[in-house]
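Student: Sequence and predicted model, in that order:
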Amino acid sequence: MSAVTGTLVRLKLSLLRNGLRQSAGRRAAYIASTVVTLLFAALQLLGLILLRGNAHADAVVLLLVAVLALGWAVMPLFFPGGDETLDPTRLVMLPLRPRPLVRALLTASLIGIGPLFTVCLVAGSVIAVAHGAAAYAVAVVAVALALLVCVALARAVAAANIRLLTSRKGRDLAVLSGLVVAVGAQVVNFGAQRLGSAGLGQLDPAADVLRWVPPASAIGAVDAVSEGSYGTAAAQLALTGLALVALLAMWARHLTRLMTSPDGSTLQAAGNSSVRERSSTGLSRLLPSSRAEGLAGTPSRTVTAMERSLRYVWRDPKTKTAWVTSLAIGLIVPVFNALQGTGSIYFACFAAGMLGIQMYNQFGQDTSAFWMVAMTISSTRDAYVELRARALALLVITLPYTALVTVLTTAMLGDWTKLPEVLGLSFALLGAMLATGAWTSARFPYSIPQEGYKNVAPGQAGLAWISILGGMVAAALLCAPVIATAVWVNTSADGDAWSWTLLPLGAAYGAAISYLGLRLAAPRTAERLPEILAAVSKG
């Protein structure tokens, strides 16, 4: 066992060392992230020490450790490539038994910035609640148990889902990690504001439950010893130890299955390929069949292009991530501001703005496959129909979602008289962004790399900024007539009687401006097909 453990520890160190040798940029990024992480850990440790003596210190540290454990649990799902040793199938050809392998991998997992960060937070947590020599003695055991439970939890989750994480769906899940971070940051910000206004006492009910949930129960044991409840502390420590044993057993069971059973996912995929070929996505079911014939007896280009765009949304990882992020942030900003009592119904227009961005760089999502689209465009009319189909596919999602966000924000604020006005502004903004997005897609196309987390190919960042920022500013200027009308309605003495007119006005203006933008972008698209193909093929 010691030989296996030593070998895997050296392997982990070699992976870290060799990874840093690949490039100076990678070394700089690793050093910078390490410094930032350690600085944050030191500040957290200092803050927890200063929390010592507070009446609600136990509630804060119990919640903190529970959130920390949750982070360890989801980390393998969203960052499977962050640690090469998370994939045990790489060792399948070696003559290793599960139990020694579990011990060796668990030991190797304690090497890294993550475990060090965890030790700092858990150590600060026990310092915040420990009082007396007995509590500090239990704290040493509690820190070790909490760390081992966090690491074992991450390993067990990774082993249980390794088939998913190494598949296309797993890569899609990894790409969505940025969305999880963004949404989590909003939730943390909202919770911090609520605690700042209502006090830490709101955490007490949750803490009463979490003190019996591992690994927070180990911190609860330290608090129990400080209060003289030695029986409670023993039960909480025993519960944490049992959780660790259960996680190790589950990890070993999954390792055994991974190391001894064949992967039948490819066979299943081959068997179901014909079914998948005949099936369509949930969004494309809203459309008629792509085989529908036009007036001339030829397949409808509009329906075919719409279905292709919707399939990108459903299947392409980068396109899916961009859409899910826009949908989530477009809902979070107005809803969270409304929940905090500081929101405005006009924040609902944020949803239209976030979704309208998806019209920009329409050809970049095709990458080098754009040549197949370019071969079918022989005139300005073909280019217009292609752009119109992509805009219609976007409207299939954006129109109902924008209306939903606006109605939801209005219901939370109770300002129903403003609903037609805000809907009209949202539709006008959406139409303006469709118009500018079509033009910038033809004038400033850029490539989207299919691998990694970058959304712009090297050397094309300037094009992306010009396309998005310039287009958004132009869209805001194009909406000036509708915005001016809304200002007049809100400042005029009898403006309330005319506020409902902004809904048809905004909808009609948005449709007209989007039609004009597509018409102006079509000649540019037809003329620049070779340049567009070269630009989107660099990733």
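Tutor: Cool, got the structure.
Student: Name the residues of the helix or strand containing Ala32 that come out as buried.
Tutor: Using DSSP states H and E, Ala32 maps to helix 24-50. Across helix 24-50, burial judged by 16 or more other CB atoms under 10 Å covers 41, 44-45, 48. In short, each C-beta sits where N, CA and C put it, glycine included.
Student: helices or strands up against the helix or strand harbouring Leu13?
Tutor: Element membership of Leu13, judged by DSSP H and E, is helix 2-20. For helix 2-20, the packing partners by 3 or more CB pairs under 8 Å, 6 or more residues apart in numbering; DSSP states H and E come out as helix 24-50, helix 98-109.
Student: what residues does it touch?
Tutor: Residues from elsewhere that reach helix 2-20, judged by CB atoms under 8 Å, 6 or more residues apart in numbering: 26-27, 30, 84-85, 96, 100-101, 103-105, 107-108, 111-112.
Student: returning to that earlier point: for Arg315, which of the helices and strands packed on helix 2-20 is the nearest?
Tutor: For the helices and strands packed on helix 2-20, proximity to Arg315 was assessed by CB to CB; helix 24-50 is nearest, at 30.5 Å.
Student: Tell me the helix or strand right after that closest one.
Tutor: Counting by DSSP H and E, the next helix or strand C-terminal to helix 24-50 is helix 57-78.
Student: what does the host helix or strand of Pro205 rub up against?
Tutor: For Pro205, the element it lies in under DSSP H and E is helix 204-210. Contacts to helix 204-210, defined as CB under 8 Å, 6+ apart, come from residues 56, 58-59, 62-63, 66, 216-217, 220.
Student: what do you get for stretch 233-253?
Tutor: Identification of contacts with stretch 233-253 by CB under 8 Å, 6+ apart yields 98-99, 102, 106, 138, 141-142, 145-146, 148-149, 152-153, 155-156, 159-160, 211-212, 214-215, 217-218, 220-222, 224-225.
Student: which of those count as buried?
Tutor: So, by 16+ other CB under 10 Å, the buried ones in those are 98, 102, 106, 138, 141-142, 145-146, 148-149, 152-153, 155-156, 159-160, 211, 214-215, 217-218, 220-222, 224-225.
Student: which one of the contacts of helix 2-20 has the most neighbours?
Tutor: Neighbour counts for the contacts of helix 2-20 (other CB atoms under 10 Å) peak at Leu105, which has 25 neighbours.
Student: That one reaches Ala152, doesn't it?
Tutor: No - the criterion here is CB atoms under 8 Å, and Leu105 misses it with Ala152 at 9.7 Å.
Student: circling back to that earlier point, may I see the buried residues of the helix holding Pro205?
Tutor: Buried, per 16+ other CB under 10 Å, within helix 204-210: 207, 210.
Student: Just give me how far that helix sits from the chain centre.
Tutor: 28 Å (CA atoms, centre = their mean, to the nearest Å).
Student: Quick check: next helix or strand after it?
Tutor: Later in the chain than helix 204-210, the nearest helix or strand by DSSP H and E is helix 216-226.
Student: Now do that following helix and helix 57-78, the angle between them.
Tutor: For helix 216-226 against helix 57-78, the angle by axes from the mean of the first three to the mean of the last three CA atoms, to 10 degrees is 160 degrees.
Student: Output the below-cut-off pLDDT ranges for the stretch 301-450 of the chain.
Tutor: Applying pLDDT under 70 to the stretch 301-450 of the chain flags residues 342.
Student: all helices in it, in order from the N-terminus.
Tutor: Secondary structure of the stretch 301-450 of the chain (DSSP state H, counting those that start in this stretch): helices located at 301-315, 317-339, 349-356, 370-374, 380-413, 419-443.
Student: domain ranges for the chain?
Tutor: Under the assignment automatic domain parsing, the domains of the chain span 2-260, 299-536.
Student: Show the average pLDDT along the first one.
Tutor: The average pLDDT within domain 2-260 is 80.
Student: contacting residues around Ala73?
Tutor: Under the contact definition (CB under 8 Å, 6+ apart), the residues listed for Ala73 are 153-154, 157.
Student: who touches Ala464 in this structure?
Tutor: Listed by CB under 8 Å, 6+ apart, the contact set of Ala464 reads 361, 444, 446, 455-456.
Student: tell me which element Leu247 falls in.
Tutor: Under the criterion of DSSP H and E, Leu247 resides in helix 230-260.
Student: nope, Ile513 is what I was after
Tutor: Per DSSP H and E: Ile513 is located in helix 502-527.
Student: Show me what that helix is packed against.
Tutor: helix 380-413, helix 419-443, helix 480-491.
Student: ranking those helices by burial, who's on top?
Tutor: Mean neighbour count (mean count of other CB atoms under 10 Å) peaks for helix 419-443 among the helices and strands packed on helix 502-527, with a mean of 27.
Student: centre of the chain versus it, how much separation?
Tutor: With CA atoms, centre = their mean, you get 25 Å for helix 419-443.
Student: Run the angle between it and helix 502-527 for me.
Tutor: 10 degrees.
Student: after helix 419-443, next one along is what?
Tutor: helix 461-465.
Student: buried ones in the helix or strand just after that next one?
Tutor: Next along the chain after helix 461-465, taking DSSP H and E as the criterion, comes helix 471-478. Buried residues in helix 471-478, counted by 16+ other CB under 10 Å: 471-472, 474-475, 478.
Student: swap in stretch 455-465?
Tutor: For stretch 455-465, burial by neighbour count (16+ other CB under 10 Å) applies to 455-457, 460, 463-464.
Student: before we move on, what about stretch 515-529?
Tutor: 515, 517-518, 521-522, 524-526, 528-529.
Student: just to revisit the earlier point, take the contacts of Ala464 and lay them out in a markdown table including distance to Met433.
Tutor: Listed next are the contacts of Ala464 as a markdown table, based on distance: CB to CB, whole Å:
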| residue | distance to Met433 |
| --- | --- |
| Asn361 | 13 |
| Phe444 | 15 |
| Tyr446 | 18 |
| Asn455 | 18 |
| Val456 | 19 |
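Student: Check the residues you listed and tell me the two furthest apart.
Tutor: The distance between the two most remote of these (CB to CB) is 14.5 Å, for Phe444 and Asn455.
Student: Next, the angle helix 57-78 makes with the helix or strand hosting Gly114.
Tutor: Element membership for Gly114 (DSSP H and E) is helix 113-129. Going by the same axes, to 10 degrees, helix 113-129 is angled at 170 degrees with respect to helix 57-78.
Student: by how many degrees do helix 113-129 and helix 24-50 diverge?
Tutor: Calculated by the same axes, to 10 degrees, helix 113-129 forms an angle of 10 degrees with helix 24-50.
Student: quick one: helix 113-129 to chain centroid distance?
Tutor: Distance of helix 113-129 from its chain centroid, counting by CA atoms, centre = their mean, is 27 Å.
Student: still on that earlier bit, of the contacts of Ala464, just say which sits nearest to Phe336.
Tutor: Taking CB to CB as the measure, Asn455 is the one of these closest to Phe336, at 24.8 Å.
Student: contacting residues for the closest one?
Tutor: Shown in contact with Asn455 (CB under 8 Å, 6+ apart): 318, 322, 448-449, 464.
Student: now could you export just the CA positions of stretch 94-109 as PDB?
Tutor: Extracted in PDB, the C-alpha atoms of stretch 94-109 (Å, rounded to 0.1, in the frame of the first residue of the first chain):
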ATOM      1  CA  LEU A  94      -2.700  -1.400 -14.000                       C
ATOM      2  CA  PRO A  95      -3.000  -4.300 -11.500                       C
ATOM      3  CA  LEU A  96      -4.400  -2.300  -8.600                       C
ATOM      4  CA  ARG A  97      -7.000  -3.300  -6.100                       C
ATOM      5  CA  PRO A  98      -9.700  -0.800  -5.200                       C
ATOM      6  CA  ARG A  99      -8.900  -0.400  -1.500                       C
ATOM      7  CA  PRO A 100      -5.200   0.400  -1.800                       C
ATOM      8  CA  LEU A 101      -6.000   2.600  -4.800                       C
ATOM      9  CA  VAL A 102      -8.600   4.600  -2.700                       C
ATOM     10  CA  ARG A 103      -6.000   5.200   0.000                       C
ATOM     11  CA  ALA A 104      -3.400   6.300  -2.500                       C
ATOM     12  CA  LEU A 105      -5.700   8.600  -4.400                       C
ATOM     13  CA  LEU A 106      -7.100  10.100  -1.200                       C
ATOM     14  CA  THR A 107      -3.500  10.900   0.000                       C
ATOM     15  CA  ALA A 108      -2.600  12.300  -3.400                       C
ATOM     16  CA  SER A 109      -5.700  14.400  -3.400                       C
END
